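> sequence first, then the predicted structure, then my questions.
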Amino acid sequence: MKEQLVKNNEVEIFTQSFGEEKNPAILLISGATVSMLYWDEEFCTQLAANGFFVIRFDNRDVGKSTFYEPGEAQYDIVDLTNDVIAILDDYEIDQAHLVGMSLGGLISQIAAINYPERIQTMTLFATGPWGDSDPSIPEMDTRILDFHSKASSVDWTNEDSVVTYLIKGSQLMSGKKEFERERIENLIRAEFNRANNYISMFNHATLAGGEKFWDRLDEIQQPTLVIHGTEDKIWHYRNASVLVRKIKKSKLLTLEGTGHELHSQDWNVIIEGIKKHIKGD
(Lines give C-alpha, C1' and ligand atoms only; values in the text may rest on other atoms or scores of the structure.)
Protein backbone atom coordinates (compact mmCIF):
# COMPACT_ATOMS: atom_id res chain seq x y z
CA MET A 1 0.00 0.00 0.00
CA LYS A 2 1.39 3.39 -1.03
CA GLU A 3 0.17 6.91 -0.21
CA GLN A 4 0.16 9.83 -2.61
CA LEU A 5 -1.12 13.39 -2.19
CA VAL A 6 -2.62 14.67 -5.43
CA LYS A 7 -3.01 18.39 -6.11
CA ASN A 8 -5.78 19.82 -8.27
CA ASN A 9 -4.96 23.52 -8.24
CA GLU A 10 -5.39 24.55 -4.58
CA VAL A 11 -7.15 21.28 -3.64
CA GLU A 12 -5.27 18.34 -2.12
CA ILE A 13 -6.65 14.82 -2.54
CA PHE A 14 -5.29 12.03 -0.35
CA THR A 15 -4.90 8.70 -2.17
CA GLN A 16 -3.65 5.19 -1.51
CA SER A 17 -2.76 2.52 -4.06
CA PHE A 18 -2.53 -1.26 -4.02
CA GLY A 19 -0.85 -3.61 -6.47
CA GLU A 20 1.47 -3.15 -9.40
CA GLU A 21 1.36 0.11 -11.36
CA LYS A 22 1.74 -1.77 -14.65
CA ASN A 23 -1.63 -3.48 -14.13
CA PRO A 24 -4.98 -2.11 -15.36
CA ALA A 25 -6.01 0.75 -13.06
CA ILE A 26 -9.20 0.72 -10.98
CA LEU A 27 -10.25 3.93 -9.21
CA LEU A 28 -12.65 3.40 -6.29
CA ILE A 29 -14.97 6.36 -5.65
CA SER A 30 -16.79 6.54 -2.31
CA GLY A 31 -20.27 7.77 -1.50
CA ALA A 32 -21.29 10.93 0.32
CA THR A 33 -19.90 11.70 3.82
CA VAL A 34 -17.57 8.69 3.94
CA SER A 35 -13.84 8.54 3.33
CA MET A 36 -11.83 6.08 1.27
CA LEU A 37 -11.84 3.75 4.29
CA TYR A 38 -15.29 2.64 3.16
CA TRP A 39 -13.35 0.53 0.65
CA ASP A 40 -11.80 -1.78 3.25
CA GLU A 41 -8.06 -2.29 2.97
CA GLU A 42 -8.61 -6.04 2.72
CA PHE A 43 -11.15 -5.55 -0.09
CA CYS A 44 -8.65 -3.38 -1.98
CA THR A 45 -5.88 -5.94 -1.45
CA GLN A 46 -8.05 -8.78 -2.71
CA LEU A 47 -9.10 -6.76 -5.75
CA ALA A 48 -5.48 -5.88 -6.55
CA ALA A 49 -4.50 -9.56 -6.21
CA ASN A 50 -6.63 -10.24 -9.28
CA GLY A 51 -4.17 -8.33 -11.45
CA PHE A 52 -5.26 -4.72 -10.95
CA PHE A 53 -3.68 -1.48 -9.76
CA VAL A 54 -6.26 -0.22 -7.27
CA ILE A 55 -6.54 3.37 -6.02
CA ARG A 56 -8.84 4.61 -3.26
CA PHE A 57 -9.05 8.26 -2.18
CA ASP A 58 -10.73 10.77 0.11
CA ASN A 59 -13.17 13.10 -1.60
CA ARG A 60 -13.08 16.72 -0.53
CA ASP A 61 -14.36 17.32 3.00
CA VAL A 62 -13.62 13.79 4.23
CA GLY A 63 -10.52 12.02 5.51
CA LYS A 64 -7.20 13.72 4.83
CA SER A 65 -8.23 15.68 1.74
CA THR A 66 -8.90 19.43 1.56
CA PHE A 67 -11.82 20.44 3.77
CA TYR A 68 -14.01 23.51 4.12
CA GLU A 69 -15.78 24.84 7.16
CA PRO A 70 -19.21 23.23 7.63
CA GLY A 71 -22.10 25.12 6.09
CA GLU A 72 -22.28 24.78 2.32
CA ALA A 73 -20.09 22.97 -0.18
CA GLN A 74 -17.55 25.32 -1.80
CA TYR A 75 -17.53 23.09 -4.90
CA ASP A 76 -19.99 21.09 -6.99
CA ILE A 77 -20.25 17.53 -8.29
CA VAL A 78 -18.37 18.45 -11.47
CA ASP A 79 -15.44 19.62 -9.34
CA LEU A 80 -15.41 16.19 -7.68
CA THR A 81 -15.38 14.63 -11.14
CA ASN A 82 -12.43 16.82 -12.12
CA ASP A 83 -10.64 15.58 -8.98
CA VAL A 84 -10.96 12.05 -10.39
CA ILE A 85 -9.20 13.11 -13.58
CA ALA A 86 -6.54 14.96 -11.57
CA ILE A 87 -5.79 11.71 -9.74
CA LEU A 88 -5.37 9.85 -13.04
CA ASP A 89 -3.11 12.63 -14.32
CA ASP A 90 -0.95 12.59 -11.19
CA TYR A 91 -0.54 8.82 -11.38
CA GLU A 92 0.17 9.15 -15.12
CA ILE A 93 -2.76 6.87 -15.99
CA ASP A 94 -4.20 7.45 -19.46
CA GLN A 95 -7.30 5.32 -18.93
CA ALA A 96 -8.90 3.74 -15.88
CA HIS A 97 -11.80 1.60 -14.79
CA LEU A 98 -14.13 3.46 -12.39
CA VAL A 99 -15.96 1.76 -9.53
CA GLY A 100 -18.31 4.23 -7.87
CA MET A 101 -20.73 3.69 -5.00
CA SER A 102 -23.77 5.91 -4.42
CA LEU A 103 -22.47 9.49 -4.93
CA GLY A 104 -19.38 7.86 -6.43
CA GLY A 105 -21.63 6.27 -9.04
CA LEU A 106 -23.02 9.67 -10.03
CA ILE A 107 -19.50 11.07 -10.28
CA SER A 108 -18.56 8.11 -12.49
CA GLN A 109 -21.43 8.77 -14.87
CA ILE A 110 -20.46 12.43 -15.27
CA ALA A 111 -16.82 11.42 -15.81
CA ALA A 112 -17.84 8.95 -18.53
CA ILE A 113 -19.78 11.68 -20.33
CA ASN A 114 -17.28 14.52 -19.85
CA TYR A 115 -14.03 12.53 -20.22
CA PRO A 116 -14.94 9.52 -22.38
CA GLU A 117 -11.36 9.05 -23.56
CA ARG A 118 -10.13 8.55 -19.97
CA ILE A 119 -12.67 5.98 -18.79
CA GLN A 120 -12.46 2.38 -20.02
CA THR A 121 -15.32 0.81 -18.05
CA MET A 122 -17.65 1.70 -15.20
CA THR A 123 -19.00 -0.27 -12.30
CA LEU A 124 -21.95 1.51 -10.70
CA PHE A 125 -22.64 0.22 -7.21
CA ALA A 126 -25.71 1.04 -5.09
CA THR A 127 -26.50 4.17 -7.07
CA GLY A 128 -28.99 5.61 -9.53
CA PRO A 129 -29.04 7.50 -12.82
CA TRP A 130 -27.59 10.98 -13.24
CA GLY A 131 -30.86 11.92 -14.90
CA ASP A 132 -34.56 11.26 -14.64
CA SER A 133 -35.51 7.93 -13.14
CA ASP A 134 -38.80 6.04 -13.15
CA PRO A 135 -41.23 8.22 -11.15
CA SER A 136 -42.91 5.11 -9.75
CA ILE A 137 -39.71 4.04 -7.96
CA PRO A 138 -39.86 4.76 -4.21
CA GLU A 139 -37.68 7.57 -2.92
CA MET A 140 -35.26 7.16 -0.02
CA ASP A 141 -36.83 5.21 2.83
CA THR A 142 -38.50 7.63 5.27
CA ARG A 143 -36.80 5.84 8.18
CA ILE A 144 -33.47 7.10 6.83
CA LEU A 145 -34.79 10.66 6.67
CA ASP A 146 -36.16 10.39 10.20
CA PHE A 147 -32.78 9.15 11.40
CA HIS A 148 -30.89 12.05 9.79
CA SER A 149 -33.28 14.53 11.40
CA LYS A 150 -31.79 13.56 14.79
CA ALA A 151 -28.22 14.48 13.81
CA SER A 152 -28.38 17.80 15.67
CA SER A 153 -28.69 15.92 18.98
CA VAL A 154 -25.29 14.25 18.54
CA ASP A 155 -22.09 15.60 20.08
CA TRP A 156 -19.96 15.43 16.95
CA THR A 157 -16.78 16.19 18.92
CA ASN A 158 -17.24 13.07 21.07
CA GLU A 159 -16.09 9.80 19.50
CA ASP A 160 -18.42 7.52 21.47
CA SER A 161 -21.42 9.75 20.80
CA VAL A 162 -20.67 9.67 17.09
CA VAL A 163 -20.12 5.92 17.06
CA THR A 164 -23.37 5.21 18.90
CA TYR A 165 -25.35 7.33 16.44
CA LEU A 166 -23.70 6.19 13.22
CA ILE A 167 -23.86 2.50 14.12
CA LYS A 168 -27.63 2.88 14.32
CA GLY A 169 -27.57 4.54 10.90
CA SER A 170 -25.45 1.77 9.40
CA GLN A 171 -27.74 -0.85 10.86
CA LEU A 172 -30.73 0.94 9.37
CA MET A 173 -29.11 0.96 5.92
CA SER A 174 -28.10 -2.68 6.10
CA GLY A 175 -30.08 -5.43 4.43
CA LYS A 176 -31.00 -8.95 5.50
CA LYS A 177 -27.43 -10.21 5.93
CA GLU A 178 -25.96 -10.30 9.42
CA PHE A 179 -25.04 -6.79 10.57
CA GLU A 180 -21.24 -6.52 10.90
CA ARG A 181 -21.25 -4.42 14.05
CA GLU A 182 -17.59 -4.78 15.02
CA ARG A 183 -16.34 -4.04 11.52
CA ILE A 184 -18.62 -1.01 11.18
CA GLU A 185 -17.65 0.36 14.59
CA ASN A 186 -13.96 0.04 13.73
CA LEU A 187 -14.61 1.87 10.46
CA ILE A 188 -16.47 4.74 12.15
CA ARG A 189 -13.76 5.16 14.80
CA ALA A 190 -11.03 5.12 12.16
CA GLU A 191 -12.82 7.76 10.09
CA PHE A 192 -13.43 9.93 13.15
CA ASN A 193 -9.78 9.83 14.23
CA ARG A 194 -8.09 10.34 10.87
CA ALA A 195 -10.30 13.12 9.48
CA ASN A 196 -8.84 16.60 9.09
CA ASN A 197 -12.22 18.02 10.15
CA TYR A 198 -14.80 15.31 10.72
CA ILE A 199 -18.00 17.36 10.58
CA SER A 200 -17.03 18.90 7.23
CA MET A 201 -18.48 15.72 5.72
CA PHE A 202 -21.93 17.29 6.08
CA ASN A 203 -21.05 19.71 3.27
CA HIS A 204 -21.77 16.79 0.93
CA ALA A 205 -25.45 17.20 1.80
CA THR A 206 -25.44 20.59 0.04
CA LEU A 207 -23.69 19.37 -3.10
CA ALA A 208 -25.14 20.77 -6.33
CA GLY A 209 -24.16 21.32 -9.99
CA GLY A 210 -23.79 18.99 -12.94
CA GLU A 211 -26.91 20.16 -14.76
CA LYS A 212 -24.98 20.24 -18.04
CA PHE A 213 -24.61 16.45 -17.88
CA TRP A 214 -28.11 15.61 -16.64
CA ASP A 215 -30.06 13.00 -18.64
CA ARG A 216 -27.23 12.24 -21.08
CA LEU A 217 -26.73 8.59 -20.17
CA ASP A 218 -27.48 7.56 -23.74
CA GLU A 219 -24.10 9.08 -24.66
CA ILE A 220 -22.18 6.67 -22.45
CA GLN A 221 -20.29 4.15 -24.55
CA GLN A 222 -18.19 2.50 -21.84
CA PRO A 223 -19.15 -1.06 -20.86
CA THR A 224 -20.95 -0.73 -17.54
CA LEU A 225 -21.63 -3.17 -14.72
CA VAL A 226 -24.47 -2.23 -12.38
CA ILE A 227 -24.25 -3.84 -8.93
CA HIS A 228 -27.19 -3.36 -6.59
CA GLY A 229 -28.58 -4.90 -3.41
CA THR A 230 -32.23 -5.86 -3.30
CA GLU A 231 -32.68 -4.25 0.15
CA ASP A 232 -31.12 -0.84 -0.59
CA LYS A 233 -33.03 1.84 1.35
CA ILE A 234 -31.10 4.80 -0.11
CA TRP A 235 -31.26 4.00 -3.82
CA HIS A 236 -34.15 1.59 -4.35
CA TYR A 237 -33.17 -1.58 -6.21
CA ARG A 238 -35.39 -0.68 -9.16
CA ASN A 239 -33.02 2.18 -10.02
CA ALA A 240 -30.62 -0.50 -11.25
CA SER A 241 -32.99 -1.44 -14.06
CA VAL A 242 -33.21 2.22 -15.10
CA LEU A 243 -29.42 2.39 -15.39
CA VAL A 244 -29.33 -0.82 -17.43
CA ARG A 245 -32.04 0.51 -19.72
CA LYS A 246 -30.44 3.91 -20.27
CA ILE A 247 -26.77 2.88 -20.63
CA LYS A 248 -26.27 0.91 -23.84
CA LYS A 249 -23.49 -1.53 -22.92
CA SER A 250 -24.62 -2.40 -19.43
CA LYS A 251 -25.52 -5.45 -17.38
CA LEU A 252 -26.80 -6.08 -13.87
CA LEU A 253 -25.31 -8.01 -10.95
CA THR A 254 -27.87 -8.40 -8.16
CA LEU A 255 -26.87 -8.84 -4.52
CA GLU A 256 -29.76 -10.65 -2.85
CA GLY A 257 -30.57 -9.37 0.64
CA THR A 258 -27.92 -6.65 0.57
CA GLY A 259 -28.67 -3.09 1.65
CA HIS A 260 -26.80 0.16 1.01
CA GLU A 261 -23.52 -1.37 2.13
CA LEU A 262 -20.31 -3.07 1.10
CA HIS A 263 -20.95 -6.26 3.05
CA SER A 264 -17.95 -8.55 3.45
CA GLN A 265 -20.08 -11.54 2.44
CA ASP A 266 -20.43 -9.93 -1.00
CA TRP A 267 -16.74 -9.16 -1.57
CA ASN A 268 -15.97 -12.31 -3.55
CA VAL A 269 -19.02 -11.87 -5.78
CA ILE A 270 -18.28 -8.17 -6.35
CA ILE A 271 -14.59 -8.72 -7.07
CA GLU A 272 -15.28 -11.60 -9.43
CA GLY A 273 -17.96 -9.52 -11.15
CA ILE A 274 -15.59 -6.58 -11.63
CA LYS A 275 -12.82 -8.89 -12.85
CA LYS A 276 -15.03 -10.52 -15.49
CA HIS A 277 -16.49 -7.15 -16.48
CA ILE A 278 -13.11 -5.52 -17.06
CA LYS A 279 -11.75 -8.53 -18.92
CA GLY A 280 -14.85 -8.68 -21.11
CA ASP A 281 -15.93 -12.17 -20.03
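Thanks, I have the structure now.
> and the pLDDT at the residue lying farthest from the centre of the chain?
Distance to the chain centre peaks in the chain at Ser153, reaching 26.9 Å (criterion: Cα atoms, centre = their mean). According to the per-residue confidence, Ser153 scores 93 in pLDDT.
> how about the helices in the protein?
Taking DSSP state H to define them, one finds helices in the chain at 41-48, 77-90, 103-114, 142-148, 159-173, 181-194, 238-246, 267-279.
> for the third one, packing partners?
Contacts of helix 103-114 with other secondary structure elements, assessed using 3 or more Cβ pairs under 8 Å, 6 or more residues apart in numbering; DSSP states H and E, are made with strand 25-29, helix 77-90, strand 96-101, strand 119-125. Where you see a C-beta, it was placed from the backbone N, CA and C, and this is true even at glycine.
> output these in TSV, with mean pLDDT and distance to Cys44 appended to each entry.
As requested, the helices and strands packed on helix 103-114 are exported to TSV (pLDDT from 0 to 100; distance: least, Cβ to Cβ, whole Å):
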stretch	mean pLDDT	distance to Cys44
strand 25-29	98	7
helix 77-90	98	15
strand 96-101	98	11
strand 119-125	98	14
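> Serialize those to CSV and add fields for mean neighbour count and distance to Ala240.
Putting the helices and strands packed on helix 103-114 into CSV (neighbours: other Cβ atoms under 10 Å; distance: least, Cβ to Cβ, whole Å) gives the following:
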stretch, mean neighbour count, distance to Ala240
strand 25-29, 25, 18
helix 77-90, 20, 21
strand 96-101, 25, 13
strand 119-125, 26, 8
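> ok, which of those comes nearest Arg181?
Among the helices and strands packed on helix 103-114, strand 96-101 comes nearest to Arg181, with 20.6 Å by Cβ to Cβ.
> make a markdown table out of the helices and strands packed on helix 103-114 and add distance to Leu187.
Written out in a markdown table, the entries for these read as follows (distance: least, Cβ to Cβ, whole Å):
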| stretch | distance to Leu187 |
| --- | --- |
| strand 25-29 | 15 |
| helix 77-90 | 22 |
| strand 96-101 | 14 |
| strand 119-125 | 17 |
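> thanks a lot, catch you later.
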